[in-house]
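**Q** Sequence plus predicted model, see below.
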Amino acid sequence: MASGKEKMPRPKSRQRRHLTDEERKLWRAVTKDAKPISRHPAETLEPPPEEDRKEALPVRPQSLVPLPERPAAPPPRRPAEPPPLTGLDRRTSQRLARGQMEVEATLDLHGHGQEAAHRALTGFIGTARARGLRCVLVITGKGASPYARHTLHGTTFYEVPERQGVLRSAVPRWLNEAELRAHVSGFQPAHPKHGGGGAFYVWLRKKR
């Protein structure tokens, strides 16, 4: 009979097995995208204070109030038309008809074509009024008609085909245009000593 306890055989220590090259490659392929788990416990986040929550709330955009429409711009004003020819007062007209008024400047349109005559008349009238003149004489010529002699003299005149010269017909029309009407108050045929039926007295408005 054996004395004492029988000694149990010790288990053989396991020998560590080294990974093969294929196993290492496989392990690296498996663990390359793995992330380590944090050892620290997750921090508990406290809710922000009430005031902070109010500030953090998204701000609603204010309702857009339509602005009042701007009134449409008024259309550009057309320049005021010059007043019509006022004519001459009776005393002035009679003195002109009698050749008693002093002519302050004279424009002779003999030899002018219509276009050149119109330019000359416009410049002459504007300059004369700027100088403060009142009574000027415009000579047009009587035309080539045998009836073009001065047969009518007074405050009015009549145009008949036999007595019409080109410029003699054109000058009264031009004097009634807005450009010249701004300077001219009235006109009438001249006295025989100033050209009679081939000339006009032109009475200018007062200088501004």
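**A** Received the coordinates, thanks. Residues are numbered from 1 along each chain as shown.

**Q** Could you use CA atoms for every contact and neighbour count after this?
**A** Fine.

**Q** Pull out the buried positions in the top helix by length along the chain.
**A** Under DSSP state H, the helix in the chain containing the largest number of residues is helix 114-130. Buried residues in helix 114-130, defined by neighbour count with 16 or more other C-alpha atoms under 10 Å: 117-118, 121-122, 124-126, 128-129.

**Q** Make CSV out of those and add pLDDT.
**A** As requested, the buried residues of helix 114-130 are exported to CSV (pLDDT from 0 to 100):
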residue, pLDDT
117, 95
118, 96
121, 97
122, 96
124, 97
125, 96
126, 95
128, 96
129, 95
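
**Q** helices or strands next to the helix or strand following the longest helix of the chain in the packing?
**A** Following the chain from helix 114-130 toward its C-terminal end, the next helix or strand by DSSP states H and E is strand 135-139. Packing contacts for strand 135-139, counted by 3 or more C-alpha pairs under 8 Å, 6 or more residues apart in numbering; DSSP states H and E, involve strand 105-108, strand 199-204.

**Q** then strand 135-139 to CSV, C-alphas only?
**A** Listed next in CSV are the C-alpha coordinates belonging to strand 135-139 (Å, rounded to 0.1, in the frame of the first residue of the first chain):
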residue,chain,number,x,y,z
CYS,A,135,-39.4,147.8,-84.7
VAL,A,136,-37.4,146.0,-87.5
LEU,A,137,-37.9,145.9,-91.2
VAL,A,138,-37.7,142.7,-93.3
ILE,A,139,-37.4,143.2,-97.1
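
**Q** helix or strand right after it?
**A** Tracing the chain past strand 135-139, the next element assigned as helix or strand by DSSP H and E is helix 166-175.

**Q** could you say what helices and strands that next one packs with?
**A** Using 3+ C-alpha pairs under 8 Å, 6+ apart as the contact criterion, the elements in contact with helix 166-175 are helix 114-130.

**Q** can I get the helices and strands packed on strand 135-139 in JSON lines with mean pLDDT, distance to residue 94 and mean neighbour count?
**A** Formatted as JSON lines, the helices and strands packed on strand 135-139 follow (pLDDT from 0 to 100; distance: least, C-alpha to C-alpha, whole Å; neighbours: other C-alpha atoms under 10 Å):
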{"stretch": "strand 105-108", "mean pLDDT": "96", "distance to residue 94": "20", "mean neighbour count": "16"}
{"stretch": "strand 199-204", "mean pLDDT": "94", "distance to residue 94": "12", "mean neighbour count": "24"}
